[in-house]
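Student: need a 3D model of the sequence below.
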Amino acid sequence: MSRYTGPKARVSRRLGINIFGTKGEMVALDKRPYPPGEHGRTRRRGNPSEYLLQLQEKQKARFSYGLTERQFRRLYEEANRRQGVTGENMLRFLELRLDNVVYRAGMAATRAQARQLVNHGHVDVNGSRVDIPSYRCKKGEVVSLRAKARKMVVVQWNIDVLDRQSPAWLEMGDNGHEVTVRELPVRDQIDIPVREQLIVELYSK
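Tutor: Numbering: from 1, shown residues only. Next up, the predicted model:
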């Protein structure tokens, strides 16, 4: 499956937030807090259009979780079919992706790194290897690192140094190598700065 491999700082400057969670993006946003391009510093648009605001919110969510446009559209359509609020359903599905669970548990520094761990077969779900980043975890499932991954320097550094606080819907094991999906996440437990209702309005047109 394809993924975005272009300049990350450019995307973050365009959208105004650190999308991919890297240090380089933070530096770029501090040094040049304006959109990229020849006229990024001087461009005057006035009030942004409704469509632009909706598109930016969609791009924030899509790039943050590392989905292609087709993947994101299909996920929205599934969320729209389910009972409940479409925007909250969509964010819940994104949070329950296996690569995001690995990231939220603090086993990886970024979602891209978590995706790589999953792709390379370093992650188990309920004791069985799963190498599909988009796998949707279910309530009660246990996500754990395999023995080889637990010895990796980068993984141990993430757990010991980053010491990321996992969200309330996840229950961490004692050693940081295992996490249980205690419950399905609700909107208040999802801290991504996205206005999901604007995404719903964009796709509803």
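
Student: domain ranges for this protein?
Tutor: Domain segmentation of the chain under automatic domain parsing yields 1-46, 97-184.

Student: would you mind identifying the next helix or strand past the worst-scoring helix or strand of the chain on mean pLDDT?
Tutor: Ranked by mean pLDDT, DSSP states H and E, the weakest helix or strand in the chain is helix 23-31, scoring a mean of 61. Next in sequence after helix 23-31, counting helices and strands by DSSP states H and E, comes helix 50-65.

Student: starting at the chain centroid, how far to the helix or strand following that next one?
Tutor: Sequence-wise, the next helix or strand downstream of helix 50-65 (DSSP H and E) is helix 69-81. Helix 69-81 sits 15 Å away from the centroid of its parent chain (CA atoms, centre = their mean, to the nearest Å).

Student: other SSEs contacting helix 69-81?
Tutor: helix 50-65, helix 86-95, helix 196-203 (3 or more CB pairs under 8 Å, 6 or more residues apart in numbering; DSSP states H and E). (Each C-beta comes from the backbone N, C-alpha and C, glycine too.)

Student: hmm, Y65 and R97 touching each other?
Tutor: Yes: checked against CB atoms under 8 Å, the pair R97 and Y65 is within contact range at 6.7 Å.

Student: please name the nearest non-neighbouring residue to the residue sitting nearest the centre point of the chain.
Tutor: By CA atoms, centre = their mean, the chain has its centre lying nearest to Y65, at 3.0 Å. With CB to CB, 6 or more residues apart in numbering as the criterion, Y65 has its nearest non-adjacent residue at 4.9 Å, and that residue is L94.

Student: from what I can see the one you found touches E78, true?
Tutor: No: between L94 and E78 no contact is recorded; they are 11.4 Å apart, counting by CB under 8 Å.

Student: which one's more surrounded, the two?
Tutor: Looking at L94 and E78 with other CB atoms under 10 Å, you find the greater number of neighbours at L94, namely 25 against 14.

Student: contacting residues for that one?
Tutor: 61, 65, 67, 75, 100 (CB atoms under 8 Å, 6 or more residues apart in numbering).

Student: quick one: pLDDT of it?
Tutor: Looking at L94, its pLDDT is 96.

Student: rewinding a little: A147: which of the helices and strands packed on helix 69-81 is closest?
Tutor: A147 lies closest to helix 86-95 among the helices and strands packed on helix 69-81, at 27.1 Å (CB to CB).

Student: I'd like the next helix or strand past that closest one.
Tutor: Assigned by DSSP H and E, the successor of helix 86-95 is helix 98-104.

Student: low-confidence ranges, the chain, go.
Tutor: 1-46 (pLDDT under 70).

Student: ok, back up a step: out of the helices and strands packed on helix 69-81, deepest packed?
Tutor: helix 86-95 (a mean of 22; mean count of other CB atoms under 10 Å).

Student: okay, angle between it and helix 196-203 too, please.
Tutor: Angle, helix 86-95 to helix 196-203, by axes from the mean of the first three to the mean of the last three CA atoms, to 10 degrees: 100 degrees.

Student: residues in contact with the host helix or strand of V154?
Tutor: In this assignment (DSSP H and E), V154 forms part of helix 153-157. Outside of helix 153-157, the residues within contact range by CB under 8 Å, 6+ apart are 107-109, 113, 117, 145, 149-150.
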